[in-house]
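Quick one: sequence and predicted model below, then my questions.
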Amino acid sequence: MSRVRPVPGGRAAEVAPERVPGWVERFAQRHGAVDVRVSERRVVITAADGATASFATRGGTSIEEVLDKLVEPRRIGLVLVRLGGHSVGVAFGGKVEVSATDRKQVHGRIRAGGWSQQRFARRREGQARVALQAAADDVARVLVPRLAELDGVVLGGDRQALDVLRNDRRLADVFRMAEERVLDVPEPRRTVLDEAAERARAVEIVIQDTRATGSAADRMDTGEGA
């Protein structure tokens, strides 16, 4: 079962690299003859009925080369961050090789007003700052020394928390290597990192079409029925 999420004008599915050729064949069967265009960074598949599917390449100048490159094992840096918790690691072929996971207490929000609320808010801001600093420190310790070994970086978690780390100058090269997608993950733990390592192998295919969504055929286009 592929993971599917909505995107502007369509939906995106995570498809295992080895399943992409079959996915493209089924897409053509459901939507008609396809035109495949390979650019330096992306493949765009346009079907006879106007539906399109696109995904980022990992090298190759033809669709055959692109598909071959997709299944090659890659060493990926993983950065999963939510407020109060983080998990960072390096994975090869979907398996975590080295990692660091930590959690810091960050109190939730309260509705009470007045001076006590302000004091609570300051405490919470301080806790969040400590937690995100710890996350940045672990990214710097685990990933920065290994950047030359990495084929890419995959992010996950809360975008606002990730943006705080993005502003840390030590991590500039880490975020420069990061893919556009951000994995939706629960509170980062080692088990969550293991799952993210496998998901990082997946190819995110963006599907857009002119038909009404919600039918069984539409769900199959995302790979759910494959």
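Cool, got the structure. Numbers count the residues shown, from 1 in each chain.

make it CA atoms for all contacts and neighbour counts henceforth
OK.

Please work out which helix or strand belonging to the chain has the smallest mean pLDDT.
helix 216-221 (a mean of 45; mean pLDDT, DSSP states H and E).

What are the structural domain limits within this structure?
The record's domain parsing of the chain by automatic domain parsing lists 3-72+202-221, 75-200.

any chance of these in JSON lines, plus mean neighbour count?
Listed next are the domains of the chain as JSON lines, based on neighbours: other CA atoms under 10 Å:
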{"stretch": "domain 3-72+202-221", "mean neighbour count": "17"}
{"stretch": "domain 75-200", "mean neighbour count": "18"}
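
Can you pull out the low-pLDDT segments for the chain?
For the chain, residues meeting the criterion pLDDT under 70 lie at 1-2, 105-124, 210-226.

Tell me where it has helices.
Counting by DSSP state H, the chain has these helices, from start to end: 20-31, 63-70, 115-142, 159-166, 172-176, 190-201, 216-221.

Mind giving me the packing neighbours of the shortest one?
Spelled out, that is helix 172-176. Applying 3 or more CA pairs under 8 Å, 6 or more residues apart in numbering; DSSP states H and E, we find helix 172-176 packed against no helix or strand.

next one: that helix to chain centre, how far?
The chain centre lies 15 Å from the centre of helix 172-176; the measure is CA atoms, centre = their mean, to the nearest Å.

what comes into contact with it?
Contacts with helix 172-176, where a contact means CA atoms under 8 Å, 6 or more residues apart in numbering, come from Leu143, Val144, Leu147, Val153, Arg166.

Excluding sequence neighbours, find me the nearest residue to the third one.
The shortest distance from Leu147 to any residue other than its chain neighbours is 7.3 Å, reached at Val174 (CA to CA, 6 or more residues apart in numbering).

Same check on the first one?
Nearest in space to Leu143, with sequence neighbours left out and distances taken as CA to CA, 6+ apart, is Gly77 at 6.6 Å.

Contacts only, for that neighbour.
Neighbouring residues of Gly77 by CA under 8 Å, 6+ apart: Val88, Gly89, Val90, Ala91, Leu143, Leu150, Gly152, Val153, Val154.

again, only this time at 6 Å
For Gly77, the contacting residues are Gly89, Val90, Val153, by CA atoms under 6 Å, 6 or more residues apart in numbering.

From Leu147, how far off is the last one?
Relative to Leu147, Val153 is positioned 9 Å away (criterion: CA to CA, to the nearest Å).
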